[in-house]
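Peer 1: show me the folded form of this:
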Amino acid sequence: MPKLLSERSEIRQWAEARAGYPMLMDMPDVTSSRALLQITFGQHALNSDRNEGPDPITTGYQLVSWDDWFAELDRQGLVLRVNDDRPGRLDNDFEFVARGGGGETTDAARQPPVVSVEDPGVQGRINRGE
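Peer 2: The predicted structure follows:
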């Protein structure tokens, strides 16, 4: 059964338990820019030599601090909807939903197609940690 995570400590604890790192991507708009939020999972998502995260040229996302990520999450009025963990398995599926919206995804919470860190050219594939 899905649950909503809205407290910073519970979101960060949930992500870090799955080796999750916060990322943002700036999307230019006609009058301003909008930041897209994302969490990348696993050590493979980080460059081992300089620990800078996925290449922003191929993915568009850059690793950011949790403080910056939470500030953008709050600015957009979003929370995370996650699945309950099954015994012996940590599920890293999540979705951004509007805060106070009853857990329904809104246009502000919708994400572009997922880009695989392993193969940035593959779009639409969801990493389910399997």
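Peer 1: going by C-alpha atoms from here, please, whenever you check contacts or count neighbours.
Peer 2: Noted.
Peer 1: next SSE after the helix-or-strand element of the chain with minimal mean pLDDT?
Peer 2: Least confident helix or strand of the chain, by mean pLDDT, DSSP states H and E, is helix 56-59 with a mean of 50. Note on helix 56-59: by DSSP states H and E, the next helix or strand toward the C-terminus is strand 62-63.
Peer 1: in its sheet, what does that next one sit against?
Peer 2: Applying DSSP bridges, strand 62-63 is found paired with strand 20-28 (antiparallel).
Peer 1: wait, residue 90 sits on residue 18?
Peer 2: Yes. With contacts defined as CA atoms under 8 Å, residue 90 counts as touching residue 18 at a distance of 6.8 Å.
Peer 1: quick one, which of these two is more surrounded?
Peer 2: Using other CA atoms under 10 Å as the criterion, residue 90 and residue 18 rank with residue 18 on top: 17 against 14.
Peer 1: for the more buried one, pull up the helix or strand it's in.
Peer 2: Using DSSP H and E, no helix or strand contains residue 18.
Peer 1: got phi/psi on residue 12?
Peer 2: In terms of degrees, to the nearest 10, the main-chain angles of residue 12 are phi -60, psi -40.
Peer 1: could you give the number of residues near it?
Peer 2: 17.
Peer 1: and if you look at residue 61?
Peer 2: 23.
Peer 1: thought it was touching residue 22?
Peer 2: No. The pair residue 61 / residue 22 is not scored as a contact, 9.6 Å apart, by CA under 8 Å.
Peer 1: now for those two: what residues contact both?
Peer 2: residue 38 (CA atoms under 8 Å, 6 or more residues apart in numbering).
Peer 1: and residue 36, how far from residue 23?
Peer 2: Distance of residue 36 to residue 23, computed by CA to CA, to the nearest Å: 8 Å.
Peer 1: for the helix or strand where residue 68 lies, buried residues please.
Peer 2: Using DSSP H and E, residue 68 sits within helix 66-75. By 16 or more other CA atoms under 10 Å, the buried positions in helix 66-75 come out as 69, 70, 72, 73.
Peer 1: which residues of this structure score low on pLDDT?
Peer 2: Scanning the chain for pLDDT under 70 picks out 32, 43-59, 101-130.
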